[in-house]
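**Q** Need coordinates for the following:
(3 chains)
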Amino acid sequence: MRWRLWLLMAPALALLLATFAAPLGHYLWLSTQAQSVLTALKPQPIGVEQWLRLFNDGRFWQDTWQTLRFSAASVSVEMLLGLAVALLLDQPLRGRALLRTISLLPWALPTTVMALGWRWIFNDPYGPINRLLSGLGLAAIPFLSAPSITWIAAVGADAWKTTPFVALLLLAGLQTIPADLYEAAALEGATPWQTLRRITLPLLTPYLLIALLFRLAQALGVFDLIQVLTGGGPAGSTESLALYAYLNAMRFLDFGYSATVMLGSFAILLLLCGMAALAWRWSLRWQGGLR
Amino acid sequence: MKQSGPEGFNGLELRELSRRVGAQTLVDELSFTVAPGEILALLGPSGCGKSSTLRLIAGLDPVSSGEIRLGGRNVTALPPAQRQVAMVFQSYALFPHLSVERNLSLGMELRGMARAEINRELEHVLALMQLQGLRQRKPAELSGGQRQRVALARALIRRPALFLLDEPMSNLDAQLRENLRAELRTLLRSTGVPVVYVTHDQHEAMGLADRIAVLREGRLQQLGTAESLYHDPANRFVARFLGSPTINLIERGSEQLGLRPELLELVEAGSPVPDGWSALEGQLIHREWLGDRVISHVRCPREGTLKVLSSTAAGGESLQVRWRQADALHFDAHNGERLPGSIGAQAS
Amino acid sequence: MARLLLLLWSLGPMLWQLYSSFRPSAALSGVDGGGWTLDHYRQLLQGDPPFLTYLFNSAVVGASATALTLVLAVPCAYALSRIGRRQARTLTLLVAAAVAFPAVLLFLALLEVARDWHLANQLLALSLPYAGLCLPLAILLLQAAFADIPIELEEAALIEGLTLWQRLRWILLPLMAPAVASSGLLVFLFSWNEYPIALTWLSRTDLLTLAPAMARIAGSSVYTIPFGAFAAATVLGSAPLILLMLLFQRQIISGLTQGAIKG
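**A** Next up, the predicted model:
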């Protein structure tokens, strides 16, 4: 009987392996090859040369920094705002269900669709924000043309889209907290802030960490938004690792190096998520110690 | 009970049936037979293996060793569908999204029975279980008792070769349980097939079954009629399991004496003890008045608290508890086995 | 109040797009011209190819990806839920890890697959990688739903003589309809949203799905300011999804929430 169950799982598992494991394995091989226009697009083994190149590639490290900066800012904003929204939606209010759905709409829209919209909103000088500013007599903000600001605009657009996802996740977590805990706290005269710190946050920790892990992994791989909103500019200041890998493959036709970049990015992703997961383990133990 | 040779026995037969999972033995070399039309109760505390045994008979779990034979053929290796058994689960397991009618007919439909025949069987069973008015309802709209009837109907409609019931009354309230017991017994006996009934409730077992098998940690402790188990228990465990209030046990050297509460008499402290009787002095610490009977808790200095069942309350605080020596059951203090030579009271 | 802020924050950008889409380009560039116009929409709908083509393509890919995912995920989730704790847990953990994986990292390998197996510019072929990417979440959701069904129900059906296929068809799947709907919707949403793989597998303009089509529109005019057309495209591109969200809000939300809890 047992083997029949495995048979049922086989097609799905096969596709999963083909989608996730096989490409990574392929990249591993490809990163030891040179396959580009220079080699007439045929793979030539060159050992670790690609990796050396990666290590010395200023643009790669610049992009790493930019991606990390983007992810850190984006995830922080999303976690804070998401928590706020979740707390808001946790209250029994009229029209809560509709509000919840509406707040989820940003997440449901394709990134590229709204990125176009953001291009317009951030436009200097005709976008609504700058028009408002000029109407108030303030200087316009060059959202998409100043390297120091553009990445912040990207963070804003990303936060707009994914905060609802985080909020929904945290809301699910909030709703698992038994109401009597809050009632007991109220009886003891706890302030809202104390309730938040002593009850809500500790019990929400697993969900917070799941949301963090998910969003971190996704933010590190940001591609759609950057490509459509800024194209990596201005002057490559918003270029992300994923975009760099893409350019290497599609524009420079340097497939070997592209694979190397992607594996490098993946390694960084694993490292960061691994650290976050360890923090989770540690926090669970700490939480258990609190009891 | 008809019993022909081993190949031809027409009921259910378990031979040295065992199920082991990892290091645990859930069912330990269990053997018994159930004749057609007979109801056998599997009785015991939680974890004694009664439900595990039932699942083995049904074919839901694999057997580690031993044989299950039904109607003369070896069904041990057959999947449930081919064993022609019907089972009523503790939770009834009615399909929540189907009407009562569909719950009953789904099996037959998928087996390819002719529509006319299905309808005939449906009408018959619906009438039998008095469910006609409820045929379109979904299980969620039924009461506990009604759901039980649907579960029974679903089992009956298959005209199985064996009936299995897993604590089907435990989800009903006490009053309903008592009222339904007689009805259920009549219904089950009328099917003419062997019935195995799992319960942890001794009253249910005693009231419903022809014979009772007491199980403990997967092993059969004793198999017999309710009377023989009660008056002639094979060991301390069986003696303690049957009987309410529980049998009193007092130490006597290397033996333990089992004293049924209803066989003890309460008299004034210090009364003279007649020949062939034994007695203990004690203090009345508590009395439960239960309408038709009284349970007196008497604390004796060395033996602990004895429970005495009588129809009226005994007067006084200092009492003497006494019994006919012939009424006492003797057990080995160490392993709980019943010692030969003590008969206990016979049914009068 | 906070609720109002939330509403504004969520709807603001989209409402602005809606507003802009009806304003003539001149007005948008600040040159004073008032009025409303349907020109942008006309431009899109009559363009080459008409904008609705993209929506249609996305719908085709979405439907086929959803079907493929469900067909693969249901048996797998069933087996996982029945296979016993230890083995299930490791597999489930791996599957859960796959959910967080950024899909974009796969595009190169998938590009080569598309090339080697001539799958490029074939809408239905897209459902393969999409199904692969959506399987983890679908499996998690469906497995949880299977586990929620008391095993006695299936055992009763087993004793009644139902085969595995019959049990799935008549007992298990009907009881799991909400979870199946949620999973399907999430897959459909993903397909509409997906960009890098569609970008690399589809080059013919008339085959583009919505996401790469929007990107192409964005990239195509760098020096002019066709923001009215942009806005109209945004509105048209968003409309189906907004509709979907509103119609199926409960299923989508419960699907996400379940995914969170089981994660």
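**Q** Only C-alpha atoms from now on, for both contacts and neighbour counts.
**A** Fine.
**Q** Enumerate the residues of the stretch 51-200 of chain C near chain A.
**A** The stretch 51-200 of chain C comes close to chain A at residues C:72-73, C:75-77, C:79-80, C:82-83, C:98, C:100-106, C:108-110, C:129, C:132-133, C:135-136, C:189, C:192-196, as judged by CA under 8 Å from any CA of the partner chain.
**Q** Just the buried subset of these, please.
**A** Neighbour-count burial (16 or more other CA atoms under 10 Å in any protein chain shown) is assigned, among those, to C:72-73, C:75-77, C:79-80, C:83, C:98, C:100-106, C:108-110, C:129, C:132-133, C:135-136, C:189, C:192-196.
**Q** These in helices, which ones?
**A** C:72-73, C:75-77, C:79-80, C:98, C:108-110, C:129, C:132-133, C:135-136, C:189, C:192-193, C:196 (DSSP state H).
**Q** and residue 47, what are its phi and psi?
**A** Since you didn't name a chain, this refers to chain A. Residue A:47 adopts backbone torsions of phi 60, psi -140, taken as degrees, to the nearest 10.
**Q** you looked at the wrong chain, it should be chain C
**A** Dihedral angles for residue C:47 - degrees, to the nearest 10 - are phi -70, psi -180.
**Q** Is there a neighbour count for it? I'd like the number.
**A** Neighbour count of residue C:47, defined by other CA atoms under 10 Å in any protein chain shown: 11.
**Q** measure it to chain A for me?
**A** 18 Å (CA to the nearest CA, to the nearest Å).
**Q** separation between that residue and residue C:233?
**A** According to CA to CA, to the nearest Å, residue C:47 stands 11 Å off from residue C:233.
**Q** Now for the closest residue in space to residue C:160 that isn't next to it in sequence: which residues touch it?
**A** Spatial nearest neighbour of residue C:160, excluding adjacent residues (CA to CA, 6 or more residues apart in numbering or on different chains): residue B:107 at 5.6 Å. Residue B:107 sits next to C:157, C:160-162 when contact means CA atoms under 8 Å, 6 or more residues apart in numbering or on different chains.
**Q** Just the element for residue B:107, please.
**A** For residue B:107, the element it lies in under DSSP states H and E is helix B:100-111.
**Q** Pull out the CA atoms of stretch B:119-134 and give them to me as CSV.
**A** Listed next in CSV are the C-alpha coordinates belonging to stretch B:119-134 (Å, rounded to 0.1, in the frame of the first residue of the first chain):
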residue,chain,number,x,y,z
ASN,B,119,-34.4,1.7,-4.2
ARG,B,120,-35.9,-1.5,-2.9
GLU,B,121,-33.2,-2.0,-0.3
LEU,B,122,-33.4,1.7,0.6
GLU,B,123,-37.1,1.6,1.3
HIS,B,124,-36.7,-1.6,3.4
VAL,B,125,-33.9,-0.2,5.6
LEU,B,126,-35.4,3.3,5.9
ALA,B,127,-38.6,1.7,7.2
LEU,B,128,-36.8,-0.6,9.5
MET,B,129,-34.8,2.2,11.1
GLN,B,130,-37.7,4.6,11.0
LEU,B,131,-35.8,7.1,8.9
GLN,B,132,-38.3,7.8,6.1
GLY,B,133,-39.0,11.3,7.2
LEU,B,134,-35.3,12.2,7.4
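**Q** Which of the residues in that stretch are classified as buried?
**A** Of all the residues in stretch B:119-134, those buried under the rule 16+ other CA under 10 Å are B:121-122, B:125-126, B:131-132, B:134.
**Q** Please settle this for me: is residue B:256 part of a strand?
**A** Yes. Applying DSSP: H, G, I helix; E, B strand; the rest coil, one finds residue B:256 inside a strand.
**Q** helices or strands next to the helix or strand containing residue A:117 in the packing?
**A** Using DSSP H and E, residue A:117 maps to helix A:111-121. For helix A:111-121, the elements it packs on are helix A:147-174, helix A:224-229, helix C:2-21, helix C:210-220, helix C:227-247, judged by 3 or more CA pairs under 8 Å, 6 or more residues apart in numbering or on different chains; DSSP states H and E.
**Q** low pLDDT regions in the stretch 1-150 of chain C?
**A** Scanning the stretch 1-150 of chain C for pLDDT under 70 picks out C:25-35.
**Q** Could you tell me which residues within stretch A:217-224 count as buried?
**A** A:217-224.
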